[in-house]
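S.K.: compute the structure for the input listed below.
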Amino acid sequence: MAGEQRPPPRPAEEALISEEALHKAEEYVEVEEGAHNKLAGALGVFASVVAVDVSSSRA
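M.R.: Numbers count the residues shown, from 1 in each chain. Prediction:
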């Protein structure tokens, strides 16, 4: 396992899933599981910490 090498990533031209199909699948996941947190970086971390703190203090 440690000595195994992974094959190089495929170039974008050889993508197995089209962008349209990927976007459609993302929409289905959002409908099934709800919209995910789209915040990134420090703001995303801050929002997550506040959410965990609020939920754990109410328990």
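S.K.: quick one: mean pLDDT for the longest helix belonging to the chain?
M.R.: In the chain, assigned by DSSP state H, the helix with the most residues is helix 41-57. In this model, helix 41-57 has a mean pLDDT of 88.
S.K.: could you export it as CSV, CA atoms only?
M.R.: Presented in CSV, the C-alpha positions along helix 41-57 are these (Å, rounded to 0.1, in the frame of the first residue of the first chain):
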residue,chain,number,x,y,z
GLY,A,41,-12.4,29.5,4.5
ALA,A,42,-12.4,31.2,7.8
LEU,A,43,-16.0,32.2,7.6
GLY,A,44,-17.0,28.6,7.0
VAL,A,45,-14.9,27.4,10.0
PHE,A,46,-16.4,30.1,12.2
ALA,A,47,-20.0,29.2,11.2
SER,A,48,-19.3,25.6,11.9
VAL,A,49,-17.8,26.3,15.3
VAL,A,50,-20.8,28.5,16.3
ALA,A,51,-23.2,25.9,15.1
VAL,A,52,-21.6,23.1,17.1
ASP,A,53,-21.4,25.3,20.1
VAL,A,54,-25.0,26.3,20.0
SER,A,55,-26.2,22.7,19.4
SER,A,56,-24.0,21.3,22.2
SER,A,57,-25.1,23.9,24.7
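S.K.: quick one: list the elements packing against it.
M.R.: Contacts defined by 3 or more C-beta pairs under 8 Å, 6 or more residues apart in numbering; DSSP states H and E place helix 41-57 against no helix or strand at all. No exception for glycine: its C-beta is placed from N, CA and C like everyone else's.
S.K.: run the chain-centre distance for it.
M.R.: Helix 41-57 sits 17 Å away from the centroid of its parent chain (C-alpha atoms, centre = their mean, to the nearest Å).
S.K.: same check, this time on stretch 16-31
M.R.: The answer for stretch 16-31 is 13 Å, by C-alpha atoms, centre = their mean.
S.K.: again, but for stretch 27-45
M.R.: 7 Å.
S.K.: how many neighbours does S55 have?
M.R.: 9 (other C-beta atoms under 10 Å).
S.K.: do the same with L22
M.R.: The tally of other residues near L22 (other C-beta under 10 Å) stands at 11.
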